[in-house]
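**Student:** The amino acid sequence is not available; the structure is as follows:
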């Protein structure tokens, strides 16, 4: 009798968890959740990316490699050359109120050119390098385009202060060298609209376009360590150019937190 009771207890322990697991599996299968359903459900339950006290972090990165052969410019022609460059932009912000954010951005860029150019009927071997950085404090206001705030439109008001240095060296007939060094001081105040789309949880893709702004640029240049010059340029622009879109990735801290 005791052996029989022990055997029944053993069968109960083995069979009952198996049956319970099968019921749970069948229940989940009946609901038939797809990856899209699971991902969309994240945005329908207390998802508030633009709420007060949330934080924002964004990153843009671009690399360019341009090969040029017999390319005409305004004052010269590139016979054979290559231009390499990259640009890194890091942005951070804090929502001081719902849909309103104060932030700042930092940019660093570098461009290098090596090649042969034709200028005033002379063939020159030209080398140049430009390095620059800029900081942009800004205020950004967002407007949700969907009930779950997954797609939104924003307007950014920013002021940019930047500086860049350019070193250029042109060699003619292997023995005539012209060297120039210039420093650019840059200021811009402008309006930039954009679109934010949340692709996966708190990660979002952002597209921005600079449409309206005022620019001031001062260039100090020295040629062959002797000639000094200064050029001041001012510009007010209103331009919609889809080829100059800024694409980036952003992360919103606190977007899916429980309220």
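**Tutor:** Looks like it came in fine. Bear in mind the structure is a predicted one, so any value in this text is a computation, not a measurement.
**Student:** where do the strands sit along this structure?
**Tutor:** Using DSSP state E, the strands assigned to the chain run over residues 55-72, 77-97, 100-119, 122-144, 151-172, 176-200, 203-208, 212-223, 227-238, 246-253.
**Student:** what's the spacing between the first one and its chain's center?
**Tutor:** What separates the centre of strand 55-72 from the centre of its chain is 11 Å, taken as Cα atoms, centre = their mean, to the nearest Å.
**Student:** Mind checking the strands of the chain for the one nearest to residue 44?
**Tutor:** Taking Cβ to Cβ, strand 176-200 is the member of the strands of the chain nearest to residue 44, at 12.0 Å. No exception for glycine: its C-beta is placed from N, CA and C like everyone else's.
**Student:** Using TSV, lay out the strands of the chain together with mean pLDDT, mean neighbour count and distance to residue 43.
**Tutor:** Below are the strands of the chain laid out as TSV (pLDDT from 0 to 100; neighbours: other Cβ atoms under 10 Å; distance: least, Cβ to Cβ, whole Å):
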stretch	mean pLDDT	mean neighbour count	distance to residue 43
strand 55-72	90	13	17
strand 77-97	93	16	18
strand 100-119	94	16	20
strand 122-144	94	16	11
strand 151-172	95	16	10
strand 176-200	92	16	7
strand 203-208	91	17	11
strand 212-223	94	15	32
strand 227-238	90	10	35
strand 246-253	89	17	12
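**Student:** Select, out of these, the one closest to residue 47.
**Tutor:** The closest of the strands of the chain to residue 47 is strand 176-200. By Cβ to Cβ, the value is 8.1 Å.
**Student:** ok and that closest one relative to strand 203-208, angle-wise?
**Tutor:** Using axes from the mean of the first three to the mean of the last three Cα atoms, to 10 degrees, the direction of strand 176-200 lies 130 degrees away from that of strand 203-208.
**Student:** I'd like to know how far residue 159 sits from residue 103.
**Tutor:** 12 Å (Cβ to Cβ, to the nearest Å).
**Student:** And for residue 54?
**Tutor:** Using Cβ to Cβ, one gets 12 Å for the distance from residue 54 to residue 103.
**Student:** Now the common contact residues for those two.
**Tutor:** Residues touching both residue 54 and residue 103 (Cβ atoms under 8 Å, 6 or more residues apart in numbering): residue 94.
**Student:** Hmm, residue 240 is touching residue 210, no?
**Tutor:** No: at 9.5 Å, residue 240 does not count as touching residue 210 under the criterion of Cβ atoms under 8 Å.
**Student:** Comparing the two, which residue is more hemmed in?
**Tutor:** residue 210 (20 against 10; other Cβ atoms under 10 Å).
**Student:** who's the residue lying closest to residue 183 once chain neighbours are set aside bridged to?
**Tutor:** Once flanking residues are discounted, residue 183 sits nearest to residue 220: 5.0 Å by Cβ to Cβ, 6 or more residues apart in numbering. Taking DSSP bridges as the rule, residue 220 bridges to residue 183, residue 230.
**Student:** ok, residue 220 - contacts?
**Tutor:** Residue 220 neighbours (Cβ under 8 Å, 6+ apart): 182, 183, 185, 228, 229, 230.
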